[in-house]
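Chemist: how does the following fold in three dimensions:
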Amino acid sequence: MSISRICASGLAIAMLMVVPAVAKPAAGVMMTPERMAELQRINTFVNSTIVEVSDWEQYGREDVWTLPTSGKGDCEDFALLKRKLLLERGWPAAALSIAVGVTAQGEAHAVLTVATAEGPLVLDNLTSAILPSSRTGHTFYARQSGRGWIAASGERTREPTVDLPVAERTVTGTSPRRKRG
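Modeler: Residues are numbered from 1 along each chain as shown. Next up is the predicted model:
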(Lines give C-alpha, C1' and ligand atoms only; values in the text may rest on other atoms or scores of the structure.)
Protein backbone atom coordinates (compact mmCIF):
# COMPACT_ATOMS: atom_id res chain seq x y z
CA MET A 1 0.00 0.00 0.00
CA SER A 2 1.39 3.41 -0.83
CA ILE A 3 2.12 5.97 1.84
CA SER A 4 -0.08 8.39 -0.08
CA ARG A 5 -2.99 5.97 0.36
CA ILE A 6 -2.07 5.48 3.98
CA CYS A 7 -2.17 9.24 4.44
CA ALA A 8 -5.46 9.56 2.61
CA SER A 9 -7.25 6.83 4.51
CA GLY A 10 -6.12 8.26 7.83
CA LEU A 11 -4.49 5.11 9.12
CA ALA A 12 -2.51 5.51 12.28
CA ILE A 13 0.83 4.77 10.68
CA ALA A 14 2.65 5.93 13.78
CA MET A 15 1.69 2.56 15.22
CA LEU A 16 3.71 0.80 12.54
CA MET A 17 7.30 -0.12 13.19
CA VAL A 18 8.88 1.09 9.97
CA VAL A 19 12.52 1.77 9.21
CA PRO A 20 13.04 5.42 8.23
CA ALA A 21 14.14 6.18 4.69
CA VAL A 22 17.90 6.37 4.57
CA ALA A 23 18.52 6.89 0.87
CA LYS A 24 20.09 10.28 0.26
CA PRO A 25 19.60 12.52 -2.77
CA ALA A 26 22.63 12.43 -5.07
CA ALA A 27 23.08 16.17 -5.71
CA GLY A 28 24.13 18.57 -2.99
CA VAL A 29 23.85 22.33 -3.40
CA MET A 30 26.60 24.46 -1.88
CA MET A 31 24.79 26.72 0.54
CA THR A 32 25.58 30.41 0.76
CA PRO A 33 23.86 33.04 2.91
CA GLU A 34 22.01 34.17 -0.24
CA ARG A 35 20.74 30.66 -0.99
CA MET A 36 19.63 30.16 2.62
CA ALA A 37 17.81 33.50 2.52
CA GLU A 38 16.08 32.42 -0.69
CA LEU A 39 14.95 29.13 0.91
CA GLN A 40 13.64 31.10 3.88
CA ARG A 41 11.74 33.56 1.64
CA ILE A 42 10.09 30.73 -0.34
CA ASN A 43 9.20 28.72 2.77
CA THR A 44 7.74 31.76 4.56
CA PHE A 45 5.89 32.99 1.47
CA VAL A 46 4.20 29.66 0.73
CA ASN A 47 3.43 28.92 4.39
CA SER A 48 1.82 32.33 4.86
CA THR A 49 -0.03 32.43 1.52
CA ILE A 50 -1.62 28.98 1.24
CA VAL A 51 -4.49 28.01 3.53
CA GLU A 52 -4.22 24.47 4.86
CA VAL A 53 -7.22 22.33 3.90
CA SER A 54 -7.56 18.61 3.30
CA ASP A 55 -8.04 17.13 -0.15
CA TRP A 56 -11.39 15.82 1.03
CA GLU A 57 -12.56 19.34 1.93
CA GLN A 58 -11.27 20.83 -1.30
CA TYR A 59 -11.86 18.08 -3.89
CA GLY A 60 -14.28 15.68 -2.25
CA ARG A 61 -11.69 12.89 -2.46
CA GLU A 62 -8.37 12.02 -0.89
CA ASP A 63 -4.85 11.98 -2.20
CA VAL A 64 -4.83 14.78 -4.77
CA TRP A 65 -1.28 15.99 -5.41
CA THR A 66 -1.44 19.31 -7.23
CA LEU A 67 -0.22 22.87 -7.10
CA PRO A 68 -2.46 24.89 -4.76
CA THR A 69 -3.76 27.27 -7.46
CA SER A 70 -6.92 27.90 -5.42
CA GLY A 71 -4.79 29.27 -2.57
CA LYS A 72 -5.62 26.16 -0.51
CA GLY A 73 -3.93 22.80 -0.11
CA ASP A 74 -2.48 20.17 2.16
CA CYS A 75 1.13 19.31 3.01
CA GLU A 76 2.13 17.83 -0.35
CA ASP A 77 0.60 20.79 -2.19
CA PHE A 78 2.73 23.17 -0.09
CA ALA A 79 5.80 21.08 -0.97
CA LEU A 80 4.96 21.05 -4.68
CA LEU A 81 4.60 24.84 -4.78
CA LYS A 82 7.88 25.38 -2.92
CA ARG A 83 9.61 23.05 -5.39
CA LYS A 84 8.12 24.89 -8.37
CA LEU A 85 9.18 28.30 -7.07
CA LEU A 86 12.73 27.12 -6.37
CA LEU A 87 13.01 25.53 -9.82
CA GLU A 88 11.89 28.83 -11.37
CA ARG A 89 14.75 30.52 -9.50
CA GLY A 90 17.34 28.14 -10.94
CA TRP A 91 17.68 25.55 -8.19
CA PRO A 92 18.68 22.15 -9.61
CA ALA A 93 15.80 19.67 -9.83
CA ALA A 94 18.05 16.86 -8.58
CA ALA A 95 18.48 18.71 -5.26
CA LEU A 96 14.73 19.14 -4.63
CA SER A 97 12.60 16.18 -3.58
CA ILE A 98 9.45 15.50 -1.65
CA ALA A 99 9.72 13.20 1.35
CA VAL A 100 6.77 11.47 3.02
CA GLY A 101 6.43 9.97 6.46
CA VAL A 102 4.96 10.91 9.83
CA THR A 103 5.36 13.75 12.29
CA ALA A 104 6.50 13.15 15.87
CA GLN A 105 2.78 13.03 16.73
CA GLY A 106 2.22 10.20 14.24
CA GLU A 107 0.39 12.22 11.61
CA ALA A 108 1.04 11.48 7.94
CA HIS A 109 3.05 14.29 6.41
CA ALA A 110 4.97 15.43 3.31
CA VAL A 111 7.72 18.05 3.05
CA LEU A 112 10.15 19.44 0.50
CA THR A 113 13.75 18.44 1.09
CA VAL A 114 16.74 20.27 -0.34
CA ALA A 115 19.96 18.28 -0.76
CA THR A 116 22.87 20.44 0.30
CA ALA A 117 26.57 19.72 0.63
CA GLU A 118 26.01 19.83 4.41
CA GLY A 119 23.06 17.42 4.33
CA PRO A 120 19.33 17.62 3.61
CA LEU A 121 17.30 20.62 4.73
CA VAL A 122 13.52 20.50 5.16
CA LEU A 123 11.00 23.13 4.08
CA ASP A 124 7.89 22.29 6.07
CA ASN A 125 4.46 23.90 6.18
CA LEU A 126 4.29 23.20 9.93
CA THR A 127 7.12 25.63 10.71
CA SER A 128 8.87 28.65 9.25
CA ALA A 129 12.23 27.25 10.43
CA ILE A 130 14.34 25.46 7.85
CA LEU A 131 15.87 22.50 9.64
CA PRO A 132 18.18 19.61 8.87
CA SER A 133 16.03 16.51 8.35
CA SER A 134 17.43 15.00 11.56
CA ARG A 135 16.01 17.88 13.64
CA THR A 136 12.42 17.92 12.35
CA GLY A 137 11.07 15.17 14.61
CA HIS A 138 9.60 13.53 11.49
CA THR A 139 10.25 9.96 10.36
CA PHE A 140 10.55 9.74 6.58
CA TYR A 141 9.55 6.53 4.78
CA ALA A 142 10.12 7.47 1.15
CA ARG A 143 11.53 10.26 -0.93
CA GLN A 144 11.03 11.33 -4.48
CA SER A 145 13.78 10.43 -6.92
CA GLY A 146 13.45 11.46 -10.54
CA ARG A 147 10.07 10.24 -11.73
CA GLY A 148 9.71 7.69 -8.95
CA TRP A 149 10.31 7.13 -5.25
CA ILE A 150 12.95 5.50 -3.09
CA ALA A 151 11.55 3.62 -0.12
CA ALA A 152 13.26 2.96 3.20
CA SER A 153 14.59 -0.35 1.89
CA GLY A 154 16.13 1.35 -1.13
CA GLU A 155 13.47 -0.11 -3.43
CA ARG A 156 12.49 2.17 -6.31
CA THR A 157 8.75 2.45 -6.87
CA ARG A 158 6.22 4.51 -8.81
CA GLU A 159 4.47 5.64 -5.60
CA PRO A 160 5.77 6.41 -2.13
CA THR A 161 5.57 3.19 -0.12
CA VAL A 162 6.14 1.78 3.30
CA ASP A 163 8.08 -1.46 2.90
CA LEU A 164 6.21 -3.60 5.37
CA PRO A 165 3.15 -5.82 4.94
CA VAL A 166 1.88 -4.44 8.24
CA ALA A 167 1.21 -1.14 6.45
CA GLU A 168 -1.66 -2.82 4.60
CA ARG A 169 -3.78 -3.44 7.67
CA THR A 170 -5.68 -0.86 9.59
CA VAL A 171 -5.04 -0.36 13.24
CA THR A 172 -8.25 -1.34 14.97
CA GLY A 173 -9.61 0.00 18.18
CA THR A 174 -8.31 3.51 17.60
CA SER A 175 -9.83 6.45 15.85
CA PRO A 176 -7.99 7.37 12.65
CA ARG A 177 -5.60 10.27 12.94
CA ARG A 178 -6.35 13.33 10.90
CA LYS A 179 -3.99 13.80 8.01
CA ARG A 180 -1.71 16.65 8.92
CA GLY A 181 -0.50 18.70 6.29
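
Chemist: what's the distance between the residue lying closest to Met31 once chain neighbours are set aside and Asp124?
Modeler: Nearest residue to Met31 in three dimensions, chain neighbours excluded: Thr116, at 4.9 Å (Cβ to Cβ, 6 or more residues apart in numbering). Just so you know, the C-beta spots here come from the backbone N, C-alpha and C atoms, and that holds for glycine as well. Distance of Thr116 to Asp124, computed by Cβ to Cβ, to the nearest Å: 16 Å.

Chemist: these two - which one has more neighbours?
Modeler: Asp124 (26 against 19; other Cβ atoms under 10 Å).

Chemist: find the nearest non-adjacent residue to the more buried one, please.
Modeler: Spatial nearest neighbour of Asp124, chain neighbours left out: Val111 (4.7 Å); criterion: Cβ to Cβ, 6+ apart.

Chemist: which stretch of helix or strand covers the spatially most central residue of the chain?
Modeler: Closest to where the C-alpha atoms of the chain average out (Cα atoms, centre = their mean) is Ala110, at 2.1 Å. Ala110 is part of strand 108-114, with elements assigned from DSSP states H and E.

Chemist: hey, what's the residue nearest to the centre of the chain bridged with?
Modeler: Assessed by DSSP bridges, Ala110 has beta-bridge partners Val100.

Chemist: pLDDT weak spots in this protein?
Modeler: 1-27, 152-153, 160-181 (pLDDT under 70).

Chemist: now do 90
Modeler: 1-28, 62-66, 99-102, 104, 106-108, 133-134, 139-181 (pLDDT under 90).
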